[in-house]
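In: When you get a sec, could you give me coordinates for this:
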Amino acid sequence: MNRTILKNLFLAALLIFFFSCKSDNKKESPSEIDPTNEVVSYATGFEIERSGDITVLKVSSAWVGAEKVYSYALVPKTKLAAITLDRNAYDAIIPVPVERMVVTSTTHIPSLEALGVSETLVGFPNTSLISSMETRKRISNGAIKELGSNESINTEMVIELRPEVVVGFGINNQNKAYQTIERSNIPIVYNGDWTENSPLGKAEWIKFFAPFFELEQKADSIFKDIEYSYLETKKLVENVSKRPTVLTGGLYKDVWHVAGGNSWMSQFLKDAKADYLWADSKETGGLSLSLESVLEKAKTAEFWLNPSMHVGYNEMLEANRHYGQFDAFKNKSVYSNTIAKGPMGGLLYYELAPNRPDMVLKDLIHIFHPEVLPDHQLYFFKPLQ
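Out: Okay, here's the model as predicted:
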């Protein structure tokens, strides 16, 4: 081989080495990588998008009627030095895995516990509302600080705790306390799990929390188990011949609030093969009705769920003697999800039920079709005293 060929080969090798080194040192830009969406099958309020090492959470229903889609970039701490992001393109950029977090709704607690990261929780508003024994122990030993109320959260305490992220709950974007926290360079990430109307849609928000801890595969596995349990439970009543009629709600200041036909509760009743008397209404929340109209439509309903906050029949009559006119009342077929409480009075249903719809469905099927699940022990719904 002559010297010219050897020289050319040597130069080629140098060029390859030079460009490979340059490529290794180049800061990665997610715009250069085709994004891919993680699978979110039931929830409609958030999406997960991956661009290389970047995970982008997009929350489209931070609250009912939210017009803005919030976008959060989650960047591995080990990759921060190698990645350049346009901060104006995101509402927050958060290094992960997160080691210190504040959450603001009891529905967030079961997701942290299921993922095995409850030790990252350092603060919560209204800690008395938390029912989980695991988290209550951490409250008792001072690992989780009381932050006041969500509407006027103790911003000084939050800043002192130095969380890497605050998972916010809100009905709009006017929470001034959140704005103060953000000005202290603590990112606020909105969670809108409560806006979902389908049982499995609410439960799927565990996938929202997973990227903060780089536990996506674990969250996917947990949700698949819940999904399987729910769908298998639903199959148990596919061929039942009788669908009992059901009334929901009760009076509050002379207005009777019943669940809307497209609400979370209505979906449960449909899957439990009950004939919900307001199933044809279009509302995703509740309906406000008069006592007279409810009595006319539901006097002969076989079951009655959640009569306001009442837990006993005598208490109901003391509140309004007209309750006694309903057949479900006369036949002692009234059940409530406000009887089962945690040690400080927090309602188990509003903490755990969104995360475990399969347990809710089993309760309802046992109530409406006891022959299908005769040995089931009611967890969320209890008969009135």
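In: rest of the way, CA atoms for contacts and neighbours
Out: Fine.
In: which residue ranges form the helices in this structure?
Out: In the chain, the segments counted as helices under DSSP state H are 3-25, 109-115, 133-140, 155-161, 176-183, 199-203, 206-209, 216-235, 264-271, 291-298, 313-319, 327-330, 348-352, 357-368.
In: Switch those helices over to a markdown table, and while doing so, append distance to Thr127 to every line.
Out: Putting the helices of the chain into a markdown table (distance: least, Cα to Cα, whole Å) gives the following:
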| stretch | distance to Thr127 |
| --- | --- |
| helix 3-25 | 47 |
| helix 109-115 | 11 |
| helix 133-140 | 8 |
| helix 155-161 | 14 |
| helix 176-183 | 18 |
| helix 199-203 | 22 |
| helix 206-209 | 20 |
| helix 216-235 | 25 |
| helix 264-271 | 25 |
| helix 291-298 | 36 |
| helix 313-319 | 28 |
| helix 327-330 | 35 |
| helix 348-352 | 12 |
| helix 357-368 | 24 |
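In: so where's the stretch 1-150 of the chain shaky on pLDDT?
Out: 1-36 (pLDDT under 70).
In: Now the most centrally placed residue in the chain: closest residue in space that isn't a chain neighbour?
Out: The geometric centre of the chain, computed from its C-alpha atoms, lies nearest to Asp193 (Cα atoms, centre = their mean), at 3.6 Å. Setting aside the residues directly before and after it, Asp193 is nearest to Lys202 in space (Cα to Cα, 6 or more residues apart in numbering), at 5.5 Å.
In: Was I right to think the one you found contacts Asn191?
Out: No. The pair Lys202 and Asn191 does not pass the contact test of Cα atoms under 8 Å, sitting 11.0 Å apart.
In: so which of the helices of the chain gets nearest Lys242?
Out: Go through the helices of the chain one by one with Cα to Cα and the one that ends up closest to Lys242 is helix 357-368, at 9.3 Å.
In: and the angle for that closest one with helix 216-235?
Out: Angular relation of helix 357-368 and helix 216-235 on a 0 to 180 degree scale: 10 degrees, by axes from the mean of the first three to the mean of the last three Cα atoms, to 10 degrees.
In: Helix 357-368 - contacts with which helices or strands?
Out: Packed against helix 357-368 by the contact rule (3 or more Cα pairs under 8 Å, 6 or more residues apart in numbering; DSSP states H and E) you find helix 199-203, helix 216-235, helix 264-271.
In: Please verify my assumption that the residue nearest to the centre of the chain contacts Ile206.
Out: No. Shown here, Asp193 and Ile206 do not form a contact pair, counting by Cα under 8 Å, at 9.3 Å.
In: Look at the nearest residue to Ala43 once chain neighbours are set aside and say how many residues are nearby.
Out: Once its chain neighbours are removed from consideration, Ala43 has its nearest residue in Gly201; the separation is 3.9 Å (Cα to Cα, 6+ apart). Each residue near Gly201 was counted by other Cα atoms under 10 Å, and the total is 23.
In: can you pull out the strands in the stretch 51-200 of the chain?
Out: 54-59, 70-76, 92-96, 101-103, 121-124, 145-146, 165-168, 188-190 (DSSP state E, counting those that start in this stretch).
In: Spell out which residues make up each domain of this protein.
Out: Structural domains annotated on the chain: 30-229, 238-383, as defined by automatic domain parsing.
In: hmm, back to that, among the helices of the chain, which is the most enclosed?
Out: With neighbours defined as mean count of other Cα atoms under 10 Å, these peak in mean count at helix 199-203, which reaches a mean of 25.
In: name the helices or strands packed onto that helix?
Out: Where contact means 3+ Cα pairs under 8 Å, 6+ apart, helix 199-203 is packed against helix 264-271, helix 357-368.
In: Tabulate those helices (CSV), appending mean pLDDT and distance to Tyr323.
Out: Supplementary listing: these in CSV, determined by pLDDT from 0 to 100; distance: least, Cα to Cα, whole Å:
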stretch, mean pLDDT, distance to Tyr323
helix 264-271, 98, 21
helix 357-368, 98, 21
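In: okay if I get the ones you listed as CSV plus distance to Ser288?
Out: Rendered in CSV, the data for the helices and strands packed on helix 199-203 read as follows (distance: least, Cα to Cα, whole Å):
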stretch, distance to Ser288
helix 264-271, 15
helix 357-368, 24
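In: do you know which of these lies nearest Glu318?
Out: Closest to Glu318 of these, according to Cα to Cα: helix 357-368, at 25.8 Å.
In: Can you check what angle separates that closest one from helix 264-271?
Out: 60 degrees.
In: Dump helix 357-368 to CSV, restricted to CA.
Out: Extracted as CSV, the C-alpha positions of helix 357-368 are listed here (Å, rounded to 0.1, in the frame of the first residue of the first chain):
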residue,chain,number,x,y,z
PRO,A,357,-62.9,2.1,40.7
ASP,A,358,-62.9,-1.7,40.8
MET,A,359,-63.6,-1.7,44.5
VAL,A,360,-66.5,0.8,44.0
LEU,A,361,-68.0,-1.4,41.3
LYS,A,362,-67.9,-4.4,43.6
ASP,A,363,-69.7,-2.5,46.3
LEU,A,364,-72.5,-1.4,44.0
ILE,A,365,-72.9,-4.9,42.4
HIS,A,366,-73.1,-6.4,45.9
ILE,A,367,-75.8,-3.9,46.8
PHE,A,368,-77.9,-4.2,43.6
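In: Since that was my last question, I'll sign off now.
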